[in-house]
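Asker: Model the following, please.
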Amino acid sequence: MAYRAYVRVLLEVDEDGEARPMRIYWTDGRRFDVDRLVDVRRASAARTGGQGVRYTCQVHGRRVYLFEDEGRWFVEAKDTPRES
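Answerer: I've put the predicted structure just below:
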């Protein structure tokens, strides 16, 4: 079952206020550099529901959908969240 995994994101913001994700920090401390920004659009999170801005990113040769919803960032993760 998919869930929203909230993540920390390093952004670059241009003079027009457009945000570009540069790095994604996973909840366990791993970090992933965004190789390329493919697309930005309003879209729903198909597996976890809700609406926001979807950033389609290229990370290590794979497409990753990164969502921004009211200032919070998440990815749709496939496994169940780990207990702390």
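Asker: Tell me where the model's unsure across the protein.
Answerer: Within the chain, the segments meeting pLDDT under 70 span 79-84.
Asker: Quick check, central residue of it?
Answerer: Nearest to the mean C-alpha position of the chain, by CA atoms, centre = their mean, lies L66 at 2.2 Å.
Asker: hang on, D69 packs against G49?
Answerer: No - D69 is beyond contact range of G49, at 10.6 Å (criterion: CB atoms under 8 Å). For the C-beta atoms, the positions are set from N, CA and C on the backbone; glycine is no exception.
Asker: The two: which is more packed in?
Answerer: More neighbours surround D69 than the other of D69 and G49, with 15 against 10 (other CB atoms under 10 Å).
Asker: Any idea what the more buried one is bridged to?
Answerer: Judged by DSSP bridges, the bridge partners of D69 are R72.
Asker: that older thread, which elements pack onto the host helix or strand of the residue nearest to the centre of the chain?
Answerer: Assigned by DSSP states H and E, L66 belongs to strand 62-69. Judged by 3 or more CB pairs under 8 Å, 6 or more residues apart in numbering; DSSP states H and E, strand 62-69 is in contact with strand 19-25, strand 51-59, strand 72-77.
Asker: what lines up beside the second one in the sheet?
Answerer: Strand 51-59 has its sheet partners listed here by DSSP bridges as strand 36-44 (antiparallel), strand 62-69 (antiparallel).
Asker: Quick one: distance of the shortest one to the chain centre.
Answerer: What that stands for is strand 62-69. Distance of strand 62-69 from its chain centroid, counting by CA atoms, centre = their mean, to the nearest Å, is 4 Å.
Asker: likewise the longest one?
Answerer: If you compare the mean C-alpha spot of strand 36-44 with that of the full chain, they lie 10 Å apart, counting by CA atoms, centre = their mean.
Asker: Give me the buried positions along that strand.
Answerer: Of the residues in strand 36-44, L37, V40 count as buried by neighbour count, 16 or more other CB atoms under 10 Å.
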